[in-house]
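>>> Below is the sequence, then the predicted model.
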Number of protein chains: 2
Amino acid sequence: MMKISPSVASVRGFLVAGVHAGLKKDGAPDFSLVVSEVDCIAAGVFTKNKVKAAPVLLDMQRLDENPKSIRAVATNTISANACTGAIGLKNARATSNLVADALSIVAEQVLVMSTGVIGAHLPMDKIARGVESASANLGSDWRAAAAGIMTTDTRPKFGSITMETADGSYSIAGMVKGAGMIAPNMATMLSVIVTDAGLPLPELQSSLRAAANQSYNRIVVDGDTSTNDTVLLLANGMSGVSLTGEEEIAAFQEALDSLTRYLAQEVVRDGEGVTKFITLNIVNAETEADAEKIGQTIGASVLTKSAFFGSDANWGRIMAAAGRAEAPLEPDSASLWVAAGESSPSEAPGLEIFSGGMPTDYREEDAAAIMAAPSITFTLDCGIGDGGATIWTCDISHEYISINGDYRS
Amino acid sequence: MMKISPSVASVRGFLVAGVHAGLKKDGAPDFSLVVSEVDCIAAGVFTKNKVKAAPVLLDMQRLDENPKSIRAVATNTISANACTGAIGLKNARATSNLVADALSIVAEQVLVMSTGVIGAHLPMDKIARGVESASANLGSDWRAAAAGIMTTDTRPKFGSITMETADGSYSIAGMVKGAGMIAPNMATMLSVIVTDAGLPLPELQSSLRAAANQSYNRIVVDGDTSTNDTVLLLANGMSGVSLTGEEEIAAFQEALDSLTRYLAQEVVRDGEGVTKFITLNIVNAETEADAEKIGQTIGASVLTKSAFFGSDANWGRIMAAAGRAEAPLEPDSASLWVAAGESSPSEAPGLEIFSGGMPTDYREEDAAAIMAAPSITFTLDCGIGDGGATIWTCDISHEYISINGDYRS
């Protein structure tokens, strides 16, 4: 995996801003703008929820009709603009009109994202203030831009990577918001990724899909998915580096994969009330898809997550969750290991706690010492094939319940 | 729905006991026995989890080979005897041998159930003490018997119904344990139901399957399913009433449905840390199976359950959960209603809070007054078909996390 920088130095031709539009009560950034100085090709990955927010519907249409001259992405917090009917669509369009006017471009070049409470209409006076302020403050402050898309997130999440090629260097930078409701299919997750590389549109689209599948779709905070999930990728070509060969595209994919995986893991680490970061390496399942299902079922199990919170190496709950996933599993062929920290499937899996249908004779104090760590890796060897997948998840705490019992009020 | 008595007067020829075998530390009943004076026909419904406990494997085999001369069901708590390999199967058989010896029957006439921690072996000395004590104390104390199968349950759950026929009366009685880990497919739920009616074995088997599908499989506490779920139905015919006609069997089915629904709802009411009982009436979905999927996805949503805990009429989370169920849904055709108390789909659904893709102009104080009730019914009219299903679920509280963070230790 390539090294990601937790900051953004420069992606040529992109300017960002995060400002306070009056949406949040505490004066924090609540509106964000990402702008390219020239036309971008753009791709999107959206929620699979059948209840789709207005900004999702609008962006899907714009990327379908106009994927080659996108200039800006505007994001507001507090209102998700979901379940808002015709007014919601009108407001999403109105937001893009305001951005277009401020930047002297046309509305069809603007994408919009919203996050917050479902069912509340966008306060268009505040949105107008946000557009005005953000367009007047465009620069390179990615921290502010990433802060401007946060809801229950506790910190802005962004990063970048620069690639050297024979024709010069190009960069990819991105930001993400998440916190609660994160699950397979990217629940309540918004992410904007930009690059100054040039590449063909079909490759841009397929690379984003592939990157999302191995990152945002492999994290589980609480198993819920949302109405607003959106990941956008804009490429403006201003680095002068044009990626056309198979090898060049593969290198771009690897960089994009690393960046999105970094951002996805940041979302888990900053999950609501999270005290533990859990890596689930599922190996030797019948297929990769089976491995993913098993990992996601374990990661979404509230019982298992409660055990993580209690620092309990409860392999029984993990195996029970694995056993109810819709994937082949033979308990007698399976082994489960636990280790402190994050390890990849290629590393030593640590302490074996389950094998051949039964717990091993491991010592509870050894398991307890591992479980006390803030980051823990479980490796489940299914022993029936060669399919593997890694899922990142977390525990569930009292604080999660408090946050989500009170969120709307 | 027929009226269930929260007690058991008499089911002819059945004796029960619940005793302290030394498994629980606090001296509470921890071992239970249900015995018929004569041979019973018997049916079972078991967990679909691929990780099946030893008692499940043994009972499945016995009901397959010997479904017409069952005499007893023995249940222990504290150890689930799951993930215990060959020793576990040996111990499950040994338990049945002990019961057979004490009752002067053969081991093949004994079914066994276990609940508790996964991976711990049965302490056979204590099991022997339980068998000895229970077989010496057989009587009609269903409260003690139901207490003897409890884990984190806070109260014994049992009930009965008596049916009058032209040939005399017969009764059906049952007990259940549940608490956490309850979900579609009956997680960590054990239930024994007995009747003194006589009926053919195929009808007994199909009636239990149908009853379980509309009761134990329609409750959701936390979305997890277990290694040990078992529902057993024993019929000894000692009432002298023999059910053979279609109408008689239908009346038996209705009574069994009512009893299992009562017991299933008792499980939800006694869920770990539960503060609210939620009825989800899903109506006018494309099919009944779709309605069930939608209801179960809402019921298992941790975000939605957190909102219930916070007494928040968060229709947005409910619609978002409905939208990610694997069933057709058109938000613009759907309506959502909320009412205090329990209502069936045929009753007035209360306050409409969502319609035509948007919230209605309901007053938050009206919704808040309803949400303050300990029992709440949501009715989701999908508006696209005539499939319906009712799911019973609950909120998730801080106490749930505490119970399940600490349970094993």
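Looks like it came in fine.
>>> which residues in the stretch 151-300 of chain A form helices?
Listed in chain order, the helices found in the stretch 151-300 of chain A under DSSP state H, counting those that start in this stretch are A:201-213, A:246-269, A:288-300.
>>> Just give me the neighbour total for the residue of the stretch 51-200 of chain A found nearest chain B.
When you check the stretch 51-200 of chain A against chain B by Cβ to the nearest Cβ, the closest residue turns out to be residue A:118, at 2.7 Å. Every residue, glycine included, has its C-beta placed from N, CA and C. By other Cβ atoms under 10 Å in any protein chain shown, 25 other residues sit near residue A:118.
>>> try residue A:275
Residues near residue A:275, counting by other Cβ under 10 Å, number 16.
>>> OK, contacts around it?
When the contact criterion is Cβ atoms under 8 Å, 6 or more residues apart in numbering or on different chains, the partners of residue A:275 are A:309, A:374, A:394-395, A:397.
>>> Please list which of those are also close to chain B.
Checking those against chain B by Cβ under 8 Å from any Cβ of the partner chain, the ones in range are A:309, A:397.
>>> Neighbour count, pLDDT and distance to residue B:151 added to the contacts of residue A:275, as TSV?
Converted to TSV, the contacts of residue A:275 look like this (neighbours: other Cβ atoms under 10 Å in any protein chain shown; pLDDT from 0 to 100; distance: Cβ to Cβ, whole Å):
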residue	neighbour count	pLDDT	distance to residue B:151
A:309	24	77	20
A:374	11	91	30
A:394	27	86	26
A:395	23	82	22
A:397	23	70	23
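>>> Inside strands: which ones of the contacts of residue A:275?
Counting by DSSP state E, the part of the contacts of residue A:275 found in strands is residue A:394.
>>> In a markdown table, list the contacts of residue A:275 along with distance to residue B:368.
Converted to a markdown table, those look like this (distance: Cβ to Cβ, whole Å):
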| residue | distance to residue B:368 |
| --- | --- |
| A:309 | 30 |
| A:374 | 39 |
| A:394 | 31 |
| A:395 | 31 |
| A:397 | 27 |
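>>> any idea which of the contacts of residue A:275 is closest to chain B?
Ranking those by separation from chain B, with Cβ to the nearest Cβ as the measure, puts residue A:309 on top at 4.7 Å.
>>> So for that closest one, what's the nearest residue that isn't a sequence neighbour?
residue A:395 (3.9 Å; Cβ to Cβ, 6 or more residues apart in numbering or on different chains).
>>> Tell me how many other residues surround the closest residue to residue A:22 other than its chain neighbours.
Nearest in space to residue A:22, with sequence neighbours left out and distances taken as Cβ to Cβ, 6+ apart, is residue A:126 at 4.4 Å. Look at residue A:126: counted by other Cβ under 10 Å, it has 19 neighbours.
>>> which residues pair with the nearest residue to residue A:81 once chain neighbours are set aside across the strands?
Across the structure, with Cβ to Cβ, 6+ apart as the measure, the residue nearest residue A:81 apart from its sequence neighbours is residue A:114 (4.1 Å). Residue A:114 has the following beta-bridge partners by DSSP bridges: residue A:76.
>>> Report the contact partners of residue A:114.
Contacts were defined as Cβ under 8 Å, 6+ apart; by that measure residue A:114 touches A:53-55, A:75-77, A:79-82, A:92, A:122, A:228.
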